[in-house]
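Undergrad: Could you work out the structure for the sequence below:
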Amino acid sequence: MEIWIDVNTPKQALFLTPLVEELDKRGHGTHVTSRHYREAEGLLRKSPFEVTFVGKHGGASLLDKLIASNERIRGLADLVPEWSPGLAVHFASPECARVAFGLKIPQVCISDCPHTVSVDRLTLPLVDRLVTPRVIPYEAWKTYGVQRKAITRYDALDPAVWLKRRNIEKLNIEELGADPNRRTITVRYEESYASYLLDKDASWGIDILDALTSNFGEYNILVLGRYEEQLSHLAEKFGSKIILPKETVDGAALLKATDLFVGMGGTMTVEAALLGIPSISAYQGGPLYYISYLVKQGLTYEAHSVNRLVESAKELLASETKRKLLAERSRIILDKMEDPIEKIMTVLQQFWKTWKA
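TA: Got it, this is the predicted structure:
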């Protein structure tokens with residue numbers, strides 16, 4: 001079977017690369033598409049398979065998002081019929097969902113994000129199957145019209161896909177311009193252009209970096225931005241107070257060299273927690289099921305105010321005992337998680353059996 005896979009974010013690139021490799025092993029033809037988007041493109045251009053880039057990220061403007069999405073739909077509609085795919089797989093991609101639906105291509109969506117309302121409303125009503133982590137209740141998907149019988153769940157969090165598949169070596173932070181004699185705080189900046197954050201506090205990320213540079217000036221404060229505009233703005237605002245890598249960084253390897261991680265998104269916070277790195281979730285978009293799970297397991301802290309963030313950071317940085325306990329607890333929890341790719345393959349298998357028939 002020819003299978004179309006649409007990959008639009010760095011997390012999706014990390015997650016779906018092993019899936020593409022597994023499908024190729026089983027003799028399926030895979031056609032991977034993406035869009036021009038700084039970090040995802042950086043990862044995908046290093047992948048062992050061919051990727052066709054169609055369209056771009058629409059930025060922060062709602063109008064620009066609409067135009068970029070429409071242009072990408074047209075580009076995919078011109079391209080995909082040549083492949084004659086029997087199945088489409090995506091991570092809640094509005095463009096993939098719309099084109100697959102329009103061409104009557106069955107589609108499987110993989111998602112751990114019931115909080116991305118705008119995207120989910122445009123995709124989930126169109127999909128045939130949804131595959132999702134068990135920590136997300138069935139009820140979270142009901143509002144999008146996904147019936148329980150159409151949902152398959154795996155007993156893992158998404159980063160288990162790549163964390164279980166590699167032996168992660170610590171990154172040499174000198175390569176990023178950091179001082180190896182200092183301890184390191186790594187910050188994953190928020191996805192401020194995402195539709196689910198457009199109405200949130202625009203100063204939140206700046207306030208966090210102000211607090212960290214003021215209270216932990218003796219540390220390397222390494223900030224991973226998402227967009228070129230973010231990088232320029234942060235460089236202008238903080239200058240030499242922070243280290244701001246310009247190229248895509250191996251996140252897991254960097255976390256291994258990190259003493260404290262502060263995440264304003266989701267994926268790297270989960271990565272840090274599952275690797276046993278002291279971490280604080282500073283996501284401002286509301287509750288996330290997988291973060292709540294990690295907090296309950298004692299693998300991460302949450303901070304919804306700058307004061308709480310600083311208090312938590314001081315506590316986590318002061319205790320070597322706590323770090324050792326986190327490392328052991330995270331190892332046990334990650335070892336128990338199943339491989340999501342295996343569960344996804346069982347779902348896809350149902351489609352190609354029907355297709356062969």
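Undergrad: Test my guess that residue 152 contacts residue 342.
TA: No - with contact defined as C-beta atoms under 8 Å, residue 152 does not count as touching residue 342 (11.5 Å). (Each C-beta comes from the backbone N, C-alpha and C, glycine too.)
Undergrad: Tell me which of those two has more neighbours.
TA: The neighbour count for residue 152 versus residue 342, taken as other C-beta atoms under 10 Å, is higher for residue 152 (16 against 11).
Undergrad: three-state assignment of residue 222?
TA: Secondary structure, DSSP: H, G, I helix; E, B strand; the rest coil: residue 222 is strand.
Undergrad: Quick check: beta-bridge partners of it?
TA: Assessed by DSSP bridges, residue 222 has beta-bridge partners residue 186, residue 243.
Undergrad: which residues does it contact?
TA: 173, 176, 178, 184-187, 242-245, 254, 258 (C-beta atoms under 8 Å, 6 or more residues apart in numbering).
Undergrad: And it, how close does it get to residue 183?
TA: 11 Å (C-beta to C-beta, to the nearest Å).
Undergrad: again, but for residue 116
TA: Applying C-beta to C-beta to residue 116 and residue 183 gives a distance of 34 Å.
Undergrad: Between the two, which has more neighbouring residues?
TA: residue 116 (18 against 13).
Undergrad: That one and residue 350, how far apart?
TA: 26 Å.
Undergrad: May I see the buried residues of stretch 105-118?
TA: 105, 106, 107, 108, 109, 110, 111, 112, 113, 114, 115, 116 (16 or more other C-beta atoms under 10 Å).
Undergrad: Now distance to residue 134 and pLDDT too, for these, in TSV please.
TA: Shown next, in TSV, are the buried residues of stretch 105-118 (distance: C-beta to C-beta, whole Å; pLDDT from 0 to 100):
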residue	distance to residue 134	pLDDT
105	28	97
106	24	96
107	22	97
108	17	98
109	16	98
110	14	97
111	13	96
112	10	95
113	15	94
114	14	95
115	17	91
116	19	91
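Undergrad: Looking at those residues, which two lie furthest apart in space?
TA: Across the buried residues of stretch 105-118, the longest distance by C-beta to C-beta is 27.0 Å; it joins 105 and 115.
Undergrad: Now do stretch 113-129: everything it contacts.
TA: 90, 92-94, 96-98, 100-101, 106-109, 111, 130, 136, 140-141, 143-146, 150-152, 194-196, 266, 285-289, 347, 351.
Undergrad: Buried only: go through those residues for me.
TA: Among these, those buried by neighbour count (16+ other C-beta under 10 Å) are 90, 92-94, 96-98, 100-101, 106-109, 111, 130, 136, 140-141, 144, 146, 152, 194, 196, 266, 285, 288-289, 347, 351.
Undergrad: Can you tell me the SS state at residue 39?
TA: Assigned by three-state DSSP, the conformation of residue 39 is helix.
Undergrad: which residues does it contact?
TA: 9, 10, 226, 248.
Undergrad: gap between the strand ranked longest in the chain and the chain center?
TA: In the chain, taking DSSP state E as the definition, the longest strand is strand 29-36. Here strand 29-36 is found 17 Å from its chain centre; the criterion is C-alpha atoms, centre = their mean, to the nearest Å.
Undergrad: Mark which of the contacts of residue 39 are part of helices, please.
TA: Among the contacts of residue 39, the members falling in helices (DSSP state H) are residue 10.
Undergrad: Neighbour count and distance to residue 320 added to the contacts of residue 39, as a markdown table?
TA: Shown next, in a markdown table, are the contacts of residue 39 (neighbours: other C-beta atoms under 10 Å; distance: C-beta to C-beta, whole Å):
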| residue | neighbour count | distance to residue 320 |
| --- | --- | --- |
| 9 | 21 | 35 |
| 10 | 22 | 31 |
| 226 | 22 | 32 |
| 248 | 18 | 31 |
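Undergrad: Sort out which one of the contacts of residue 39 lies nearest residue 335 for me.
TA: Using C-beta to C-beta, residue 10 comes nearest to residue 335 of the contacts of residue 39, at 25.0 Å.
Undergrad: who's in contact with the closest one?
TA: Going by C-beta under 8 Å, 6+ apart, residue 10 touches 39, 40, 43, 248, 251, 267.
Undergrad: rerun at 7 Å
TA: 39, 40, 43 (C-beta atoms under 7 Å, 6 or more residues apart in numbering).
Undergrad: Turn those residues into a markdown table, columns for distance to residue 30.
TA: Formatted as a markdown table, the contacts of residue 10 follow (distance: C-beta to C-beta, whole Å):
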| residue | distance to residue 30 |
| --- | --- |
| 39 | 22 |
| 40 | 17 |
| 43 | 17 |
